[in-house]
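>>> A structural model of the following input is requested.
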Amino acid sequence: MSNKISYMSLKKVMFYLFAFFLLFFNACKHDELVVYKESDNYSNAADFVKNNYNFTLLYAALKQANLLELLSKEGPYTLFAPSNKAFNDLGIVRASDFAAMNQDSLRRMLQYHILPRILYRNDVPANTIDNKYVNLAGKELFVGYKYEKACATCNIRGDLYVNGALAPKTTQNIVLSNGVLHLIDKVLKYQPSVQDILSGRKEYSLFVTLLKRTGDWDRLARPEYITVFAPDNQAFEKEGITKQQLESLDPAAYYKRLWRVYLLYNHFFISDMIIYGKQAGSGYYGGPFYRAPIVGDEDYLFAIASNLEMEPFIVEKRLIDRGIPLRKTNLQPGYRTDYKADNGVVHGITGLLVLPAEAKIN
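Model prediction:
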């Protein structure tokens, strides 16, 4: 009998508890029970660019190229978004400047900045380069990630690079309703071949003349990777070297370092050296970021100093440990470096690394 009473009491307690919770939840406002949807709080890529003062020129370019509708759709997309300053560096200062451009070329250039997927910084392996992702133009972007914490109390460095352009830590991973956006400090530049890059820019016409005269010009159209450090016309003019002199130059009378010091038979962006750091050694500035023998003239090496300016220089192989460059120069501003082609990269430099008199065969 007592067991039966206990059982009935328990049933009453459960009934009252159920009634209490039912009344409690009915008393709650409905908006307290709404399931949170992350995408409800974010703009799509097109709206975010439109409403951000740092992307007024990007918005104008996307509008001119009829890409805003695409970026308002579901996606997903990753947008590497050049800032207004990035466009300013190329001489683009007003929205109307885009109207004068070839619209097909403008559209392809902008598609080059968009991935048809979401790519957060942490999706890229730390301290790596050349992680390849295909963009809307059907070309590969090369993404690198520099992760560094120099000391226990130091801030973490988490820089993302795409084709050499920097996406600073503070402007990465901007979540959109249809993807993610990373602000970058340079407009991504592309041509099919290294030869196309140089032939299409008149400031390198004297360098092109030198390469044609010495027989290495055709190499720049082949599919094998090559990285070129290209001196501009002013670099030749500062040394009193004219087009006529280059056209009459006899390659057989000179060591190949005269022109091949600028040709590296590999593929790298300036940011690759930042990610990997300097090489071991006691050479110029305590060990360079990069050093490689000059093809066909291996007693001399092309190198890049591990200083803030990242100076390109030439050094004689037997003098490496003395840290004595034979000649050094500077990189051109960032918007004139990291010019990508299918078969390599072009970086502009401001001076010559070898003068004809220094490479003359006696």
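>>> other residues contacting stretch 189-205?
Contacting residues not belonging to stretch 189-205 are listed as 109, 112, 137, 139, 207-208, 211, 217, 220-221, 226, 228, 230-234, 243, 338-346, 348 [C-beta atoms under 8 Å, 6 or more residues apart in numbering]. In short, each C-beta sits where N, CA and C put it, glycine included.
>>> again with stretch 106-125
Contacts for stretch 106-125 (C-beta under 8 Å, 6+ apart): 61-62, 64-67, 71, 75-82, 98, 131, 133-137, 139, 141, 143-145, 158, 160, 167, 172-173, 179-180, 182, 187-188, 190.
>>> if we use 6 Å, what do you get?
61, 65, 67, 76-80, 131, 133, 135-137, 143, 145, 160, 172-173, 179-180, 188, 190 (C-beta atoms under 6 Å, 6 or more residues apart in numbering).
>>> quick one: mean pLDDT over it.
The pLDDT scores in stretch 106-125 average 96.
>>> with stretch 225-240 instead?
On average, the pLDDT along stretch 225-240 is 98.
>>> what of stretch 250-261?
Here the average pLDDT along stretch 250-261 is 97.
>>> on that earlier part again, now restrict the contacts of stretch 106-125 to buried residues only.
If you count burial by 16 or more other C-beta atoms under 10 Å, the buried members of the contacts of stretch 106-125 come out as 61, 65, 67, 76-80, 131, 133, 135-137, 143, 145, 160, 172-173, 179-180, 188, 190.
>>> list the ones among these that fall in strands.
Applying DSSP state E to these, the entries found in strands are Y77, T78, L79, F80, N131, Y133, V143, Y145, L160, G179, V180, Y190.
>>> show me the contacts for the third one.
By that I understand L79. A45, I114, L181.
>>> and these, which is closest to R291?
The closest of these to R291 turns out to be I114 (C-beta to C-beta; 36.4 Å).
>>> from R108, how far out is the closest one?
Noted for I114: a distance of 11 Å to R108, by C-beta to C-beta, to the nearest Å.
>>> neighbours around V49, how many?
24 (other C-beta atoms under 10 Å).
>>> that one and F55 touch, don't they?
Yes. V49 sits in contact with F55 when judged by C-beta atoms under 6 Å, with a separation of 4.6 Å.
>>> would you turn the contacts of L79 into a markdown table with distance to P288?
Below are the contacts of L79 laid out as a markdown table (distance: C-beta to C-beta, whole Å):
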| residue | distance to P288 |
| --- | --- |
| A45 | 40 |
| I114 | 36 |
| L181 | 35 |
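>>> which one of these sits closest to D297?
Distances from D297 to these, taken by C-beta to C-beta, are shortest for I114, at 42.6 Å.
>>> beta partners of the closest one?
L79 (DSSP bridges).
>>> number of nearby residues for it?
Neighbourhood size, I114 [other C-beta under 10 Å]: 23.
>>> ok, now R219?
16.
>>> so who does P356 touch?
Residues near P356 by C-beta under 6 Å, 6+ apart: none.
>>> now do 8 Å
Contacts of P356 by C-beta under 8 Å, 6+ apart are I241, L249, Y254, L258.
>>> check contacts around the first one.
Right, I241. Counted by C-beta under 8 Å, 6+ apart, I241 has contacts L206, L352, P356.
>>> in CSV, list those along with pLDDT and secondary structure.
Output for the contacts of I241, formatted as CSV (pLDDT from 0 to 100; DSSP: H, G, I helix; E, B strand; the rest coil):
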residue, pLDDT, secondary structure
L206, 98, helix
L352, 98, coil
P356, 96, helix
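>>> tell me the one of those residues nearest L264?
The shortest gap between L264 and any of the contacts of I241 belongs to L352, at 16.3 Å (C-beta to C-beta).
>>> touching, that closest one and T329? I think so.
Yes. Counting by C-beta atoms under 8 Å, L352 touches T329, with 7.1 Å between them.
>>> how about the strands in the stretch 201-350 of the chain?
In the stretch 201-350 of the chain, the strands defined using DSSP state E, counting those that start in this stretch lie at 226-231, 263-264, 290-294, 297-304, 312-316, 327-328, 339-341, 344-349.
>>> make that the stretch 1-150 of the chain, sorry
77-82, 114-115, 128-134, 140-148.
>>> which of these sits closest to Y276?
Smallest distance to Y276 across the strands of the stretch 1-150 of the chain (C-beta to C-beta): 7.2 Å, for strand 128-134.
>>> what's next to that closest one, contact-wise?
By C-beta under 8 Å, 6+ apart, the residues outside strand 128-134 that reach it are 78, 115-117, 119, 124-125, 140-145, 161, 267-269, 271-272, 275-276.
>>> which among those end up buried?
78, 115, 119, 124, 141-145, 161, 267-269, 271-272, 275-276.
>>> per-residue pLDDT, L10?
We have a pLDDT of 46 for L10.
>>> let the chain start at 38 from now.
Yep, numbering from 38; the last one is L47 now.
>>> may I have the beta-bridge partners of K365?
If you apply DSSP bridges, the partners that K365 bridges to are F350.
>>> can you pull the contacts of it?
With contact set as C-beta under 8 Å, 6+ apart, K365 has these partners: Y321, A342, E348, P349, F350, I351, G388, L390.
>>> for the third one, what are its contacts?
Going back to what we said before, that points to E348. Counting by C-beta under 8 Å, 6+ apart, E348 touches I341, A342, K365, T366, N367, L368.
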